[in-house]
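J.: need a 3D model of the following:
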Amino acid sequence: MVKDKKVTGFSNSEEAAVALTDVVPFLVEDMLKNRGSIYSKKEDWQPYAIADGLLITGQNPASSEKVAQLLLEKLEA
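T.: Next up is the predicted model:
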């Protein structure tokens with residue numbers, strides 16, 4: 001689903017900042033990269049969202065408004 005798609009998601013450094021790298025079953029950033037996506041991110045905790053076709057992803061909870069804006073744009077098109 002994410003191969004060759006532009007995506008973002010919770011970064012490894014954000015996961016480390018909340019001390020959960022040893023708790024979660026996998027790191028989202030690593031998983032997306034390993035599955036062949038074109039992963040990008042902004043600085044920790046900054047809002048960031050990407051749309052690639054119908055796939056819309058946000059980096060972190062602060063990105064929810066940007067994700068919603070991209071979804072509305074898709075729905076209006």
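
J.: let's see the pLDDT reported for the closest residue to T57 other than its chain neighbours.
T.: Nearest in space to T57, with sequence neighbours left out and distances taken as C-beta to C-beta, 6 or more residues apart in numbering, is V7 at 4.6 Å. For glycine as for every other residue, the C-beta is placed from the backbone atoms N, C-alpha and C. We have a pLDDT of 98 for V7.

J.: V7 - how many residues pack around it?
T.: 24 (other C-beta atoms under 10 Å).

J.: ok so P25 is a strand residue?
T.: No: counting by DSSP: H, G, I helix; E, B strand; the rest coil, P25 is located in no strand; its state is coil.

J.: ramachandran angles for the residue nearest to the spatial centre of the chain?
T.: Nearest to the mean C-alpha position of the chain, counting by C-alpha atoms, centre = their mean, stands G9 at 2.0 Å. Main-chain dihedrals, G9, degrees, to the nearest 10: phi 180, psi 170.

J.: that one contacts P61, correct?
T.: No: counting by C-beta atoms under 8 Å, G9 sits too far from P61 to count as a contact (11.8 Å).
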